[in-house]
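>>> sequence and computational prediction follow.
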Protein chains: 2
Amino acid sequence: MKKTDKPYAIGIDLGGTNLKGIVMDKTGVFRHLTRVPTEAEKGGARVLENILTLIGELVTKEGGSDAILGVGIGTPGFIDQDGTVLGGAENLPGWKGTQVFRPIMKKYGLRATGGNDVTVMALAESRFGAGKGVANIVCLALGTGIGGGIVTNGHLYKGTHGMAGELGHIVVETDGIPCNCGLKGCVERYASATGIVRLARTLASSFDAKGKSTLLRIALESPGKLTSKLVYDHAKQDDPYALHVNDVVCEKLARAIGIFLNAFACDRVILGGGVMLAGAIILDNVKKRVPKHCWPQIAERCDIVIAQCGENAGVLGSAAMVFDEMA
Amino acid sequence: MKKTDKPYAIGIDLGGTNLKGIVMDKTGVFRHLTRVPTEAEKGGARVLENILTLIGELVTKEGGSDAILGVGIGTPGFIDQDGTVLGGAENLPGWKGTQVFRPIMKKYGLRATGGNDVTVMALAESRFGAGKGVANIVCLALGTGIGGGIVTNGHLYKGTHGMAGELGHIVVETDGIPCNCGLKGCVERYASATGIVRLARTLASSFDAKGKSTLLRIALESPGKLTSKLVYDHAKQDDPYALHVNDVVCEKLARAIGIFLNAFACDRVILGGGVMLAGAIILDNVKKRVPKHCWPQIAERCDIVIAQCGENAGVLGSAAMVFDEMA
């Protein structure tokens, strides 16, 4: 089959616990979906072996590799265009330095491409989700940390070494809270799940509850029980302390969005990740604040919306990357 | 002549005083260069008329429009993809709202495209200057204000409404000095020519000169004489106060560069504009500071360099935009 006629792509999403893989057509329809354990604790060589096994299963299900254009891999951390993992994936010991693409070509004769796991989610949203129909989007995934992904002129923007999109490390508080990355005041310190828990702990002592706040009592008496979900469960019940914490979270998030909107002036900012399960209580608050933190002409032309691709964003985006780069 | 065979493009650089125009081939070789007064004070309609006259002169010099692929226009402020000026050009009264492309098509049968004047400079550097040979660059032009331009995946990134690249308004000091744009602590307030003069005035009272400082005396006794050039003329002579001001300027600039490097992870950051005539005294200082303000893996893969296209960057970039988008 001629290269340009090959209608399917394999997408792999490398998680700390599971490796998920699909065979997908260009419109986002899955033909096969399968998963195997990552076995991260057994080191980089074993992870690579498991990726190869997963690809093998998918090729078998497809009845051979002839109709497959290539393999896309979304991985934590950074992977360069030659397929070497450059680092930044702390939960995958020994993954740094692994050469991922060549073994795939050798074993299956398939070309491969790769990207950061959150970065490829941006492509999924662009093609199949909340970013459909526009050329320029920025995604923020609010999870344990904050990751980002950028689509410019309709194409995934990975940066030359696959390192673009570290939007969680936009500084929103000069000389603010120290971050793992070495900087201070990164938005990740305030608006990720861990950041929200930290805020809920540290703001408690200075908060003067006008009314009754169950969350404040928890924060003062048993702070170990705090989770970002608990904060937002209370916020939805109008708990005043939970709403205060949310205001701080949304203000920091709006500052970060304002900063990158002045640079990108994109059509849509898409917010995803576990924290965004809280939904409108974050979205509406952030939308209200963003115009104070960037040029009004830019803010009024940009929608801020919630991600739509859910837990399959990783495999969808990884497979979409194959069509984006090889078709 | 078939469209794809047309070897030349017209580039127009719209300045507050002069309109400069060229006919150029794809390699950046000029065939004709001419200029006419902008007559900005006479309003948007007159500016448009002068642009049309300038294009007419260039077409005549070329002996007709048959070999011309299109017209690219670099303008202060924002111009959208349909050729409507959306604003942001304070020194051109009545320019906002002007439809620029249709009259060019009507009068000369030439397609037109446009971009912010600093944004197109980034494309000039990418094709013919300090950004040659790499896919992803960010330019900062340090002049009266600070403008920016972004090239991603080898193409100019204008944002959907031509508003991308407002990198002068990256906030580097939370709740810092108020900026004309309505935000506080924008890098433009510290590292543009006007920002440098302001710093040289305000830092003077608290500076304890260990040695002799001519600049400090000027700042305290006749602050009206301060210019950014004066600051850097003294810095080059090791004037301790001038070096102190430069340290503050470079620290703010490094913070801004760090923030957008975490987002873009580009190959090169290119510094241009009048302020950068100071050269190495800024460049070396900034290079030293940037790794403290972004991910080290990103900083070590990015060069920070000085722009090369000089005063012709505007026309070069505008013409290059034609080849980028129409060829």
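The structure has been received and is ready for your questions.
>>> count of neighbours near A:Val59?
Under the neighbour criterion other Cβ atoms under 10 Å in any protein chain shown, A:Val59 is assigned a count of 21. No exception for glycine: its C-beta is placed from N, CA and C like everyone else's.
>>> which ones are touching it?
Going by Cβ atoms under 8 Å, 6 or more residues apart in numbering or on different chains, A:Val59 touches A:Ile10, A:Ser65, A:Ile68, A:Tyr108.
>>> what sits opposite the third one in the beta ladder?
When bridges are assigned using DSSP bridges, the partners listed for A:Ile68 are A:Tyr8.
>>> how many residues are close by it?
For A:Ile68, using other Cβ under 10 Å, the count is 23.
>>> mean confidence for stretch A:302-313?
Averaging pLDDT along stretch A:302-313 gives 96.
>>> quote the end-to-end distance of it.
22 Å (Cα to Cα, to the nearest Å).
>>> confirm for me that A:Met108 is in contact with A:Glu62.
No, residue A:108 isn't Met; it's Tyr. No: using Cβ atoms under 8 Å, A:Tyr108 makes no contact with A:Glu62, being 11.0 Å away.
>>> ok, the two, which is more surrounded?
A:Tyr108 (19 against 16).
>>> quick one: that one from A:Thr60, how far?
11 Å (Cβ to Cβ, to the nearest Å).
>>> also A:Leu14?
20 Å.
>>> before we move on, what about A:Trp295?
53 Å.
>>> again with A:Ala235
48 Å.
>>> A:Thr227 now?
A:Thr227 is 41 Å from A:Thr60, by Cβ to Cβ.
>>> in the stretch 201-327 of chain A, which spans are strands?
For the stretch 201-327 of chain A, the strands defined by DSSP state E, counting those that start in this stretch cover A:268-272, A:303-306.
>>> export those strands as JSON lines, with columns for mean neighbour count and distance to chain B.
Output for those, formatted as JSON lines (neighbours: other Cβ atoms under 10 Å in any protein chain shown; distance: least, Cβ to the nearest Cβ, whole Å):
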{"stretch": "strand A:268-272", "mean neighbour count": "25", "distance to chain B": "10"}
{"stretch": "strand A:303-306", "mean neighbour count": "17", "distance to chain B": "11"}
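>>> helices or strands next to the single longest helix found in chain A in the packing?
Using DSSP state H, we find that the single longest helix of chain A is helix A:240-264. Helix A:240-264 sits against strand A:137-142, helix A:188-191, helix A:193-202, helix A:214-221, helix A:228-236, helix A:280-289, helix A:296-299, helix B:240-264, with contacts defined as 3 or more Cβ pairs under 8 Å, 6 or more residues apart in numbering or on different chains; DSSP states H and E.
>>> near chain B, which residues of the stretch 101-250 of chain A?
A:134-136, A:148, A:150, A:152-153, A:155, A:157, A:159-167, A:169-174, A:176, A:181-183, A:185 (Cβ under 8 Å from any Cβ of the partner chain).
>>> switch the cut-off to 10 Å
A:134-138, A:148, A:150-176, A:181-186 (Cβ under 10 Å from any Cβ of the partner chain).
>>> which of those residues fall in helices?
Going by DSSP H, the helices hold none of those.
>>> any of these buried? List them.
The neighbour-count criterion (16 or more other Cβ atoms under 10 Å in any protein chain shown) marks A:134-138, A:148, A:150-153, A:155-173, A:176, A:181, A:183, A:185-186 among these as buried.
>>> burial of A:Lys236, as a residue count?
A:Lys236: 15 neighbours (other Cβ under 10 Å).
>>> list the residues that contact whatever residue of the stretch 201-327 of chain A ends up closest to chain B.
Residue of the stretch 201-327 of chain A nearest chain B, by Cβ to the nearest Cβ: A:Ala265 (3.3 Å). Going by Cβ atoms under 10 Å, 6 or more residues apart in numbering or on different chains, A:Ala265 touches A:136, A:294-295, A:297-299, A:301-302, B:78, B:150, B:157-166.
>>> now do the same for A:Glu221: its pLDDT.
94.
>>> need the contact list for it.
A:Glu221 touches A:Ala204, counting by Cβ under 10 Å, 6+ apart.
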